[in-house]
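Got a sequence here, can you model it:
(2 chains)
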Amino acid sequence: MSDTAAAPNPTPGPDWNNWRSVTDWWFRPAVEARTWLAAAYLAVGFLATLTWFVVAIVVLSVALPLIVVAVGIPLTWLAFGLIDAMANVERRRALWVGVEIAPRPFASTPEGKARIWARLKDPARWRQVAFISSAFLVGALFFSLATAAWMLSVNVIVGIVTGATIGTVVLQSVLGVFMLGAAPRTTIQLARAFAKFTDWFLGPDPVIAMQERVDTLARHRQEILDAVAEERRRIERNLHDGVQQRLVALGIDLGLAASKLPEDPEAARALVVDAREKTRTSIGELRVIGRGLHPAILEDRGLDAALSAVVSNAEIPITLRIASGLRVPMDAEETAYFVAAEAVSNIMKHSRARAASVHIHDSEGCLHMEIHDDGRGGADMAKGSGLAGMSARVRGVDGRFDMSSPDGGPTILRVEIPHG
Amino acid sequence: MAEDALSVVIADDSVLLRDGLVRLVEDAGIEVLAAVGDAVQLMEAMAIHQPDLVVVDVRMPPTHTDEGLRAALRIRQEFPGVAVLVLSQYVEERYASELLAGDAGGVGYLLKDRVVDIEDFVVSLRRLAAGGSAVDAEVVRQILGRSRRKAELERLTPRERDVLEAMAEGLSNSGIAEKLVISGGAVEKHIGNVFQKLDLELADAAHRRVLAVLAYLGSASTPSVNP
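Numbering: from 1, shown residues only, chains lettered A, B, ... in the order given. This is a model prediction of the structure:
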């Protein structure tokens, strides 16, 4: 269950020194839409749950005894189908008071005869039956309580009109004035309580939900570990193929130069010049590797500055749109940088794009990234190219990673990275 | 080249590189007044010595991010006559804009590996000490890569583009002539064409030209450029 609207505390507290503010705060809920939605939720609930109960009891009491003869089986199916539909209506209705109830999954059913039995003993189905059997009682009780609260507030009028003495008029009025503020609040609380009651029967099992979450986390952890291992292999390969080889060649150059120096200083000089060139290339290569691993500027100037170098180093024009000076927690910045840099390098290597764009904006505690290129598309998560690593990294921080890359392009990468 | 007696203070946390730099500049006849390992010691050294030039690494203890850059900006403020060269393993367009903001005279920002080309490096040092500037070719490339003036830049011939880049790096006319192996007259002609085609006010001093060109390309004037 998740609350999407209607916090239990209706309005922020009043300014107690200002009587207008106080009365406004106390009486406003009476004219607010959510109060009347809650009232409707209870009223409709009272009638609906009663109807569900009657229908379910009739259908089940006909179908279940007949199950010994074949005709009972389709009837029971029908009954369960009906009950499922009713439960769905009640789940949907809870949205009126801002409570979202996900369906409680049924047990998976095997094929053949065993299927009948499996359905019959699925606890989730009987839980629905239990809900239908009890909801009308709870619904009636809550509806009555809410009605009573509103009836008391009508005392303002009733008391004044019918009050025999000044004393009763005053007493009735005070009670009415109080209840006119209390009734909406009571209604909202009762409606929410009913939604919670519905959620307890019809919502997903919190233990199972937790179990699923644990499984997801475990899978993400494994993916991250794999991505890290892959990254380390790649770094090693880059170092091995590039800098290491070049340093060996450099050593050879210098060794030769040393031995040639006495008799052929010109040749030695040429070797040394060559060695210097190799050094320069190696430094350049190390710089690319190092900056790819972690750009220091990310720490002290943020994503905008770090990515602006990434896009300007690309061979094709890449538009970068990001609020300058945007700072978010380090983890999110690192992930966003990694994804954007990796995506740009993929675009360079595989896409044959002529232009690309990187858009990043931050809203509601989440970085939204969209990376677009006009290349040939056909990028495949399964084919390596770092995509799996990117997606693992994003999902590892509970983010979202979506890619659309039809053959012929364009490729669009949408990434969300939550923070804080 | 005229061997004016220059003096320098060097700050780099890597002993290996610091010693290398000291050897390099001493070999070029530049006096090393102090060689230190972090920004705090650098400011202390500045209080004692009056160098013509400071060479400082961007990343130094304690945080290894932008200490050197901040020290360089402080030195520019507190010792306006002292030229500052910031060296870095990575060049960042953003750091360059911060460093060059306002006045590019006596300011340099170069990749560390440029020291490998000793002659060029020493020329850059002397140019800085004389009030010129030195912007790494890599920075210029990054700024060009992000420039929104693509259409205008298309109007330049390849040679004129080379000249534009050399100007952005802070080279003087003779420096450009030497680098591109063309005559001084040809350089002047190209420069004239560049400024005319880009509709820029012709700046006289080389270091003012750097700012004009970089500002034009859309970087040095505002620290953050977002298309």
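
Now the nearest residue to B:Leu180 once chain neighbours are set aside: which helix or strand?
Excluding its sequence neighbours, the residue lying closest to B:Leu180 (Cβ to Cβ, 6 or more residues apart in numbering or on different chains) is B:Asp162, at 5.7 Å. (C-beta placed from N, C-alpha, C; glycine too.) B:Asp162 is part of helix B:158-169 when elements are defined by DSSP states H and E.

helices or strands up against that helix?
strand B:133-135, helix B:137-146, helix B:173-180, helix B:184-197, helix B:206-217 (3 or more Cβ pairs under 8 Å, 6 or more residues apart in numbering or on different chains; DSSP states H and E).

how about low-confidence regions in chain B?
Residues of chain B meeting the criterion pLDDT under 70: B:1-4, B:203-204, B:218-227.

which parts of it sit against chain A?
B:58-59, B:63-66, B:89-90, B:92-95, B:111-113, B:116, B:141-143, B:145-146, B:150, B:224-227 (Cβ under 8 Å from any Cβ of the partner chain).

pLDDT-wise, which helix or strand of chain A ranks last?
Using mean pLDDT, DSSP states H and E, strand A:2-3 stands out as the lowest-scoring helix or strand of chain A, at a mean of 46.

what's next to the helix holding B:Asp162, contact-wise?
For helix B:158-169, the external contacting residues (Cβ atoms under 8 Å, 6 or more residues apart in numbering or on different chains) are B:134-137, B:140-141, B:143-144, B:153, B:156, B:175-176, B:179-180, B:187, B:190-191, B:193-194, B:197, B:206, B:209-210, B:213-214, B:217.

List only those of these flagged as buried.
With burial judged by 16 or more other Cβ atoms under 10 Å in any protein chain shown, the buried subset of the contacts of helix B:158-169 is B:134-136, B:140-141, B:143-144, B:153, B:156, B:175-176, B:179-180, B:187, B:190-191, B:193-194, B:197, B:206, B:209-210, B:213-214, B:217.

ok, which stretches of the stretch 1-150 of chain A are strands?
For the stretch 1-150 of chain A, applying DSSP state E, counting those that start in this stretch gives strands covering A:2-3, A:99-100.

Please compute how far the helix or strand containing B:Ala47 lies from its chain's middle.
Assessed by DSSP H and E, B:Ala47 sits inside helix B:39-48. Distance, stretch centre to chain centre, for helix B:39-48: 22 Å (Cα atoms, centre = their mean, to the nearest Å).

Which helix or strand lies directly C-terminal to that helix?
Downstream of helix B:39-48 (by DSSP H and E), the next one is strand B:53-57.

Can you spell out the domain ranges of chain B, please?
Annotated domains of chain B cover B:7-139, B:147-217 [automatic domain parsing].

Return, as residue ranges, the portions of the stretch 51-200 of chain A with sub-threshold pLDDT.
Those would be A:110, A:112-113, A:155-164, if you go by pLDDT under 70 across the stretch 51-200 of chain A.

please redo it, this time with the cut-off set to 50
Of all residues in the stretch 51-200 of chain A, none has pLDDT under 50.

Indicate the residue of it located nearest to chain B.
The stretch 51-200 of chain A approaches chain B most closely through A:Glu100 (38.1 Å), counting by Cβ to the nearest Cβ.

So what pairs up with that residue in the strands?
A:Ser2 (DSSP bridges).

Tally up the residues packed near it, please.
By other Cβ atoms under 10 Å in any protein chain shown, the residues close to A:Glu100 number 16.

Ok, the one 3 residues further on next?
A:Pro103 is surrounded by 13 other residues when neighbours are defined as other Cβ under 10 Å.

my read: it touches A:Asp199, true?
No: in this structure, A:Pro103 is not within contact of A:Asp199 by Cβ atoms under 8 Å, at 11.2 Å.

What about A:Ser324, how many residues nearby?
For A:Ser324, the tally of surrounding residues (other Cβ under 10 Å) stands at 16.

And it, how far from A:Ile360?
Look at A:Ser324 and A:Ile360: by Cβ to Cβ, to the nearest Å, they are 11 Å apart.

same check, this time on B:Val8
42 Å.

Please apply the same query to A:Leu120.
The spacing between A:Leu120 and A:Ile360, counted by Cβ to Cβ, is 54 Å.

so who does A:Glu333 touch?
Going by Cβ under 8 Å, 6+ apart, A:Glu333 touches A:298, A:302-303, A:327.

helix or strand right after whichever strand or helix holds it?
For A:Glu333, the host element (DSSP H and E) is helix A:330-346. Using DSSP H and E, the helix or strand that follows helix A:330-346 towards the C-terminus is strand A:356-363.

Output the next helix-or-strand element following that next one as PDB, nothing but the C-alphas.
For strand A:356-363, the following helix or strand on the C-terminal side (DSSP H and E) is strand A:366-373. The C-alpha trace of strand A:366-373 is given here as PDB (Å, rounded to 0.1, in the frame of the first residue of the first chain):
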ATOM      1  CA  CYS A 366      15.800  12.500  -9.000                       C
ATOM      2  CA  LEU A 367      18.200  13.200 -11.800                       C
ATOM      3  CA  HIS A 368      16.600  12.600 -15.200                       C
ATOM      4  CA  MET A 369      18.900  12.000 -18.100                       C
ATOM      5  CA  GLU A 370      18.100  11.700 -21.800                       C
ATOM      6  CA  ILE A 371      20.900  10.900 -24.200                       C
ATOM      7  CA  HIS A 372      20.000  11.000 -27.900                       C
ATOM      8  CA  ASP A 373      21.900  10.200 -31.100                       C
END
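
I would like the residues contacting the helix or strand just after strand A:366-373, please.
Sequence-wise, the next helix or strand beyond strand A:366-373 is helix A:387-396, with elements assigned using DSSP H and E. Here helix A:387-396 makes contact (Cβ under 8 Å, 6+ apart) with A:220-221, A:223-224, A:226-227, A:230-231, A:335, A:338-339, A:342-343, A:346, A:379-382, A:400-401, A:403, A:415-417.

Just the buried residues of the residues you listed.
Buried members of the contacts of helix A:387-396, counted by 16+ other Cβ under 10 Å: A:220, A:223-224, A:227, A:231, A:335, A:338-339, A:342-343, A:346, A:379, A:401, A:403, A:415, A:417.

what's the distance between A:Glu277 and B:Ala186?
29 Å.

ditto for A:Thr411
For A:Thr411, the distance to B:Ala186 equals 46 Å [Cβ to Cβ].

out of those two, which sits in the busier spot?
A:Thr411 (24 against 15).

Can you tell me how far the more buried one is from chain B?
Distance of A:Thr411 to chain B, computed by Cβ to the nearest Cβ, to the nearest Å: 21 Å.
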